[in-house]
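Trainee: only the shape, not the letters, is given here:
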């Protein structure tokens, strides 16, 4: 008989496809270089990002016309690519938001059935915002 230790929290990797809308969401509000965008994703809650895969994904998003980039040489240091969302990227993000909204409804139904008294734990930053 299997026992479950509730004190151990499983770390589930973020699906690669979910990175795309999260990246686009951040680029919607901020033109950023890759490292800055990676920091935003980490603070968003995506814990493990492979740097090589991250930059390959950015290049693929550019090939797919979801983001655009240009070289920034204004800082005096080495030139950095600054990424921006395109109109096609915004449409893609809007589509994902609609899908996630439907998925959120399914999750709410799941948790209402799983435990009608369940309320998700708030992260520390959310608790501070509400205080």
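Mentor: Sure, I can see it. Note that the structure is predicted; figures quoted are calculated from it, not measured.

Trainee: and the spatially closest residue to residue 88 that is not a sequence neighbour, how many neighbours does it have?
Mentor: Once flanking residues are discounted, residue 88 sits nearest to residue 65: 4.9 Å by C-beta to C-beta, 6 or more residues apart in numbering. C-beta here means a position set from N, CA and C on the backbone, and glycine is covered the same way. Counted with other C-beta atoms under 10 Å, residues neighbouring residue 65 total 12.

Trainee: so residue 65 belongs to a helix, correct?
Mentor: No: per DSSP: H, G, I helix; E, B strand; the rest coil, residue 65 lies outside any helix segment and is coil.

Trainee: which residues touch it?
Mentor: By C-beta atoms under 8 Å, 6 or more residues apart in numbering, the contact list for residue 65 reads 86, 88-89.

Trainee: look up how far residue 116 lies from the residue positioned nearest the centre of the chain.
Mentor: Closest residue to the average C-alpha location of the chain: residue 22 at 2.9 Å, with C-alpha atoms, centre = their mean. According to C-beta to C-beta, to the nearest Å, residue 22 and residue 116 sit 30 Å apart.

Trainee: coming back round to it: now the residue nearest to residue 88: phi and psi?
Mentor: As for residue 65, its main-chain torsions (degrees, to the nearest 10) stand at phi 60, psi 30.

Trainee: what strand or helix carries the residue nearest to the centre of the chain?
Mentor: helix 16-29 (DSSP states H and E).

Trainee: tell me the helices and strands packed up against that helix.
Mentor: In this structure, helix 16-29 packs against helix 34-44, helix 51-63, strand 67-72, strand 80-85, helix 87-114, with contacts taken as 3 or more C-beta pairs under 8 Å, 6 or more residues apart in numbering; DSSP states H and E.

Trainee: quick check: mean pLDDT across it?
Mentor: Regarding helix 16-29, the rounded mean pLDDT is 90.

Trainee: which positions in that helix come out as buried?
Mentor: Neighbour counts over helix 16-29 (16 or more other C-beta atoms under 10 Å) mark 19-27 as buried.
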